[in-house]
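A.B. asks: Pasting the sequence and the predicted model now:
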Amino acid sequence: MGPKRRQPRILIAGLGNFLLRDDGVGVHAVRALAQSRPRGVICADVGTAVLDALHLLEWAEKILALDAMEAGGPPGTVYACGVSDVEGAGIKASLHELSLLGALRFLKGKAQPEIVILGVEPQTIDFGLDLSPPVAAALPRLLEAAQDQVARWRAMEAEV
């Protein structure tokens, strides 16, 4: 039996404004994941205060960002993309993802973490605490996609 491999440091960041209905889907999701989070994973309710989470961004080797994302699909569509997709013209990223990418610029001298963004197409961005019906219905798919991504990262690390 070989030496035990160290698991990657994974941060799941819930982004968005919880007070604006579907804009808070990332916060709803990370709160649900925190109840059964995988061992060694930090689930953080970042909300819109991305710079307040800078210490977690510095710690992480892998970041899974959960947020609302307008990409043109029907409300409740779950998207998975990388940083290059968000920085390109194909997806209208939310301000939270852009501020996450901006915050990473503060990590001078440190290798940039790998980032995957899971987004959900919103229906309603307006005052309120509840998710719209299509976004609420998409929440289990978002949670499953998040767990699958963590499992993929761990499996890739085990192969090294």
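C.D. replies: Received the coordinates, thanks.
A.B. asks: Which parts of this structure are helices?
C.D. replies: Here the chain has its helices, by DSSP state H, at 25-34, 54-59, 83-87, 95-104, 133-159.
A.B. asks: got any ranges where the chain has weak pLDDT?
C.D. replies: Residue ranges of the chain with pLDDT under 70: 1-5, 86-98, 108-109, 160.
A.B. asks: what's near enough to touch Val25?
C.D. replies: Applying CB atoms under 8 Å, 6 or more residues apart in numbering, we find Val25 in contact with 16, 66-68, 120, 122, 131, 135, 138-139, 142. C-beta: built from backbone N, CA, C; applies to glycine.
A.B. asks: what do you get if the cut-off is 6 Å, keeping everything else the same?
C.D. replies: Contacts for Val25 (CB atoms under 6 Å, 6 or more residues apart in numbering) come out as 68, 120, 135.
A.B. asks: What count of nearby residues applies to Ala103?
C.D. replies: Residue neighbour count, defined by other CB atoms under 10 Å, stands at 17 for Ala103.
A.B. asks: I appreciate the help and will end here.
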